[in-house]
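# Got a predicted structure plus its sequence, pasted below:
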Amino acid sequence: MSLKISTEPKENRQLEMIIEVGQERVDQELRKAARKVAGQLRIPGFRQGRAPYNMVVRHVGMGALFEEFVDELGQEVFRTAIEQENIEPYATASLDNIDLDPLRYTLTIPLSPEVKLGDYRSLRVEEVKPEIDEAQVQERIDNILEREAGYVDVDRPSEYGDLITIDVRAVVLDKEGNETETVVLDENDWDITPDQENPMEPMGFDEELVGMEPNAEKIFDIAWPEDSPSMYAGKDVRFHVTVHTIKAYQKPELTDEIAQSIGEYETADALLESIRESLREEQAAEAESEYLEKVLEEIVEMSELDYPPAAVDLELDQMARNTDMQVRQMGLQGLEHFLQLTGQTMQQYRDGLREQAERLLRRSLVIGQIADAERIKPTEAEFDERLNRIFGAGDEDATDEQKESRDNVLDMMRRAPNRAVIDEQIISEKTVARILAIARGEEVPELGADVDEAPAEEAAAEEASAEMASADGPSAEVAEEVTDESAAEPVAEFGEEVEHKES
């Protein structure tokens, strides 16, 4: 096929390509299209399918013939062009324009990102060690004791916040102050809690209940506010109240008995130490996540990154797939259904995540480049350990059929492309561990050394793996996005159609 191809670099790692198709091929396609159209139409004076080329053109127009083949031919010439020019698109190319005379396609091709790392090997980032805050310990103890708390009978005047059981009868008064037959309230054994911040209507009723003792009676009048929405607005009402019981809300002290009732703790001190240890682990994980975020941000800042807009779109695609999976696990019908319930469009959803997607992309790019620079690779032992972590070590009591089935699954995972996905996960975690070791000033292998990981770094990799798998913070996001399967692959197609133009 005769093609005239010209390319011109554009900003943000994009390439403009103009492909002009030789007239001989265009004429061939036009006549093929004319035969197809002639077989579908009745042209006066000619049997169906027998009209000559010029009559078909006169009847349907040249533009209609181009419509028959221009898009399919575009895919073919694009594949030929990128192979001829030795170009590997990073994502789907966009078709910007089609001219018909001569037939010329103008496309924008996204190219692979470029990363020029700064001197990350000299980077040292101070690490802040977390400290246990006893106020947090007490907060957790209070939450435990809150579950053991409740109302108990008290023999004292009532206070705000008490649970009071009363009989109450309230009637409207006439202008002379006499009780009428209009009953506002008539309740027996009514449980009520006077609330100073959010009192009942009419204003003053809660206040009148405070200070009453068990078995006491009280009569009082209250004027219903004029601006009240109640049907009794502007009326004077007389209340007859009898208090039966008063209960106060009490929270117990932490005792050995309470500690024993909520878990395998012999004493209250054992429970307190367990809470402190749990807080230490949580704060260490949070501190590690924050430290990783700070280190990655500094590496990104010292590096030069150039990538096409399509790279951010690929990140957004992966985020959308992750969200779709999560909402399906919640019982919804997918991301589209979730967006309908929340009143969002897909475009609004993607726009809201674009800044986060770009941040994750930049981090994943520097992590990937560091992995290459450090020659970080997974070992067979690490790969097998990861498979055992995913599928289990195998049941000794399994049947031969179950063992064979498991072996088949493991064999499938050891082959591409499944192998590549797990390899990338391991590489990502080991690279993050290497980055943290560098930032902390720990001893690491020489740059580019193709050696097995040192034992200390292997331990750090395991710690980073656990952290990235469990954290909700930036480190988990980075790990998830780095192992995205949407890695660059040559894309021998282009996007949506554009209007065909005759020049």
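Noted; the coordinates are in hand. Residues are numbered from 1 along each chain as shown.
# Specify the residue ranges that define each domain of this protein.
3-112+497-501, 150-250, 279-482 (automatic domain parsing).
# Can you add mean neighbour count and distance to residue 127 and give those back as CSV?
(C-beta placed from N, C-alpha, C; glycine too.) Below are the domains of the chain laid out as CSV (neighbours: other C-beta atoms under 10 Å; distance: least, C-beta to C-beta, whole Å):
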stretch, mean neighbour count, distance to residue 127
domain 3-112+497-501, 16, 34
domain 150-250, 14, 44
domain 279-482, 16, 6
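# of the ones you listed, which approaches residue 273 most closely?
Of all those, domain 279-482 sits nearest to residue 273, with 10.4 Å by C-beta to C-beta.
# could I get stretch 193-204 in PDB with only the CA atoms?
Coordinates of each C-alpha in stretch 193-204 appear next as PDB, following Å, rounded to 0.1, in the frame of the first residue of the first chain:
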ATOM      1  CA  THR A 193     -35.500  12.700  80.200                       C
ATOM      2  CA  PRO A 194     -35.300  16.400  80.900                       C
ATOM      3  CA  ASP A 195     -32.900  18.000  78.500                       C
ATOM      4  CA  GLN A 196     -31.500  21.500  79.100                       C
ATOM      5  CA  GLU A 197     -30.100  21.800  75.600                       C
ATOM      6  CA  ASN A 198     -33.200  20.500  73.700                       C
ATOM      7  CA  PRO A 199     -36.200  21.000  75.900                       C
ATOM      8  CA  MET A 200     -39.700  19.800  75.100                       C
ATOM      9  CA  GLU A 201     -42.500  22.100  74.200                       C
ATOM     10  CA  PRO A 202     -43.900  24.000  75.900                       C
ATOM     11  CA  MET A 203     -40.800  25.700  77.100                       C
ATOM     12  CA  GLY A 204     -40.400  25.300  80.800                       C
END
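# if we can go back for a sec, any chance of the domains of the chain in JSON lines, with mean pLDDT and distance to residue 268 too?
Listed next are the domains of the chain as JSON lines, based on pLDDT from 0 to 100; distance: least, C-beta to C-beta, whole Å:
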{"stretch": "domain 3-112+497-501", "mean pLDDT": "90", "distance to residue 268": "60"}
{"stretch": "domain 150-250", "mean pLDDT": "94", "distance to residue 268": "18"}
{"stretch": "domain 279-482", "mean pLDDT": "84", "distance to residue 268": "17"}
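# Format those as TSV; extra columns: distance to residue 128.
Formatted as TSV, those follow (distance: least, C-beta to C-beta, whole Å):
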stretch	distance to residue 128
domain 3-112+497-501	37
domain 150-250	40
domain 279-482	7
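# so which of those domains comes closest to residue 125?
domain 279-482 (4.4 Å).
# Work out for me the element residue 365 sits within.
Secondary-structure assignment from DSSP states H and E places residue 365 in helix 346-373.
# Which SSE is immediately downstream of that helix?
Next along from helix 346-373, by DSSP H and E: helix 380-391.
# Please tell me how far that following helix is from the chain's geometric centre.
When distances are taken as C-alpha atoms, centre = their mean, to the nearest Å, helix 380-391 is centred 27 Å away from the chain's centroid.
# For that helix, name the packing helices and strands.
helix 400-413, helix 418-439 (3 or more C-beta pairs under 8 Å, 6 or more residues apart in numbering; DSSP states H and E).
# the inter-axis angle of the last one versus helix 380-391?
By that I understand helix 418-439. Interaxial angle of helix 418-439 relative to helix 380-391 (axes from the mean of the first three to the mean of the last three C-alpha atoms, to 10 degrees): 110 degrees.
# quick one, helices of the stretch 151-300 of the chain?
Secondary structure of the stretch 151-300 of the chain (DSSP state H, counting those that start in this stretch): helices located at 205-209, 256-262, 268-302.
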